[in-house]
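Have a look at this prediction, sequence included:
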Amino acid sequence: MTAQLSHGLRVENLRDLIRNPLMYLAVLVVVSDQVTKKLLGDYLPLHASKVIVPGFLDLVHVRNTGAAFSLLAGAQTGLRQFFFVAITVLALVVMIYLLGRTPSHEVWMRRGLVLILGGALGNLVDRLHYGEVIDFLHFHLGTFSWPAFNVADSAITVGAGILLVLLVKPATPAKKQ
């Protein structure tokens, strides 16, 4: 397993990955995530909210100390921080490994992986800088309320959705020559 991982992460593979135009998508996700969070902080104080679409969408300024849906938010701070940073770094290594092993013609697979990579990096920046993740989009309808999220979370969700669709779609038969 270690030999396979090191083979997938060779310097040449990393150089090719960095030079790949698709990596601009990951950079776009990170930059847009951080810019929207900065704008939010300039516009809305922590724990404040502003109705955007009544009964449907609020702009909120909250900090999530946990993972998705505030998972482990109540855990001890140092342990929680180490755990989430370690898991994120592991996920980044796995995404880079998979990107290096995915053929260039599998465009949608690569896009899904890059979206997850960019989203994970965006939230990692928050964890390293604040010790928590800034969330600001809060959708709700009647009594149903979706947990607040951000651009990075959206990229991760869309990327995972793409991978899920690719996993469940029937294989396309090879064309006969």
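Structure's in. What do you need?

Rank the helices and strands of the chain by mean pLDDT and give me the bottom one.
Lowest by mean pLDDT, DSSP states H and E among the helices and strands of the chain is helix 2-8, with a mean of 49.

Okay, helices next: where are they in this protein?
For the chain, helices defined by DSSP state H occupy the ranges 2-8, 11-19, 23-43, 77-101, 107-130, 151-168.

least reliable of the ones you listed going by mean pLDDT?
Among the helices of the chain, helix 2-8 has the lowest mean pLDDT, at a mean of 49.

hmm, back to that, any idea which of the helices of the chain is most buried?
helix 107-130 (a mean of 21; mean count of other C-beta atoms under 10 Å). Using the backbone N, CA and C atoms, a C-beta is placed for each residue, glycine as well.

Now do that helix: distance to the chain's middle.
Taking C-alpha atoms, centre = their mean, to the nearest Å, the mean C-alpha location of helix 107-130 is offset from the chain mean by 4 Å.

For it, name the packing helices and strands.
For helix 107-130, the packing partners by 3 or more C-beta pairs under 8 Å, 6 or more residues apart in numbering; DSSP states H and E come out as helix 23-43, helix 77-101, strand 133-141, helix 151-168.

Turn these into JSON lines, columns for distance to residue 118.
Shown next, in JSON lines, are the helices and strands packed on helix 107-130 (distance: least, C-beta to C-beta, whole Å):
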{"stretch": "helix 23-43", "distance to residue 118": "3"}
{"stretch": "helix 77-101", "distance to residue 118": "9"}
{"stretch": "strand 133-141", "distance to residue 118": "14"}
{"stretch": "helix 151-168", "distance to residue 118": "5"}
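
quick one, which of the ones you listed is nearest to residue 115?
helix 151-168 (3.1 Å; C-beta to C-beta).

Show me what that closest one packs onto, helices and strands only.
helix 23-43, helix 107-130, strand 133-141.

circling back: could you export the helices of the chain as a markdown table, including distance to residue 53?
Converted to a markdown table, the helices of the chain look like this (distance: least, C-beta to C-beta, whole Å):
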| stretch | distance to residue 53 |
| --- | --- |
| helix 2-8 | 45 |
| helix 11-19 | 39 |
| helix 23-43 | 17 |
| helix 77-101 | 31 |
| helix 107-130 | 24 |
| helix 151-168 | 17 |
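
Looking at the ones you listed, which is nearest to residue 52?
Residue 52 lies closest to helix 23-43 among these, at 11.9 Å (C-beta to C-beta).
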